[in-house]
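Participant: no sequence on this one, just coordinates:
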């Protein structure tokens, strides 16, 4: 079970743009890795739109947004294009990233759990969001960045 203060599990995964992204590539900035169940579903659309709308505030706080689902490159690419998303969506079809981060506990899981992990500039877990409301998740994360525990 992943806990605050742990080193975040390393990953290298293809994005919806067909590019490879690894956690090591993102060192030096915070990363919000947010898992969503299915591209295009109502809750995922609400959550993704909120992250996109709040993107300038994440940028101001040096936070890279990285979405992750079990969707294919084509499915995530269509989702990103439809919503005008300008941050990477990992295509974790193998479920390796979700298993490492606790977003699923079975390699045959149909969907990942809706969780997020905030990772610091050195790759350590800062916060785990395991009860996510897609309607206010982006704002909640930003509030935590502004007024951390």
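Facilitator: Good, I have the coordinates. Quick caveat, the model's predicted, so the values are computed rather than measured.

Participant: other SSEs contacting the lowest-mean-pLDDT helix or strand in the chain?
Facilitator: Least confident helix or strand of the chain, by mean pLDDT, DSSP states H and E, is helix 137-146 with a mean of 91. Applying 3 or more Cβ pairs under 8 Å, 6 or more residues apart in numbering; DSSP states H and E, we find helix 137-146 packed against strand 30-35, helix 42-53, helix 55-60, strand 116-119, strand 125-129. For the C-beta atoms, the positions are set from N, CA and C on the backbone; glycine is no exception.

Participant: for that helix, buried residues please.
Facilitator: 137, 138, 141, 142, 145 (16 or more other Cβ atoms under 10 Å).

Participant: I'd like those laid out as a markdown table, including distance to residue 18.
Facilitator: A markdown table is the format used below for these (distance: Cβ to Cβ, whole Å):
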| residue | distance to residue 18 |
| --- | --- |
| 137 | 27 |
| 138 | 26 |
| 141 | 27 |
| 142 | 30 |
| 145 | 30 |
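
Participant: which residues sit against the least confident helix or strand of the chain?
Facilitator: 30, 32, 34, 47, 50-51, 53-54, 57-58, 61, 63, 116, 118, 127, 129, 133 (Cβ atoms under 8 Å, 6 or more residues apart in numbering).

Participant: which stretches of this structure have low pLDDT?
Facilitator: 148-149 (pLDDT under 70).
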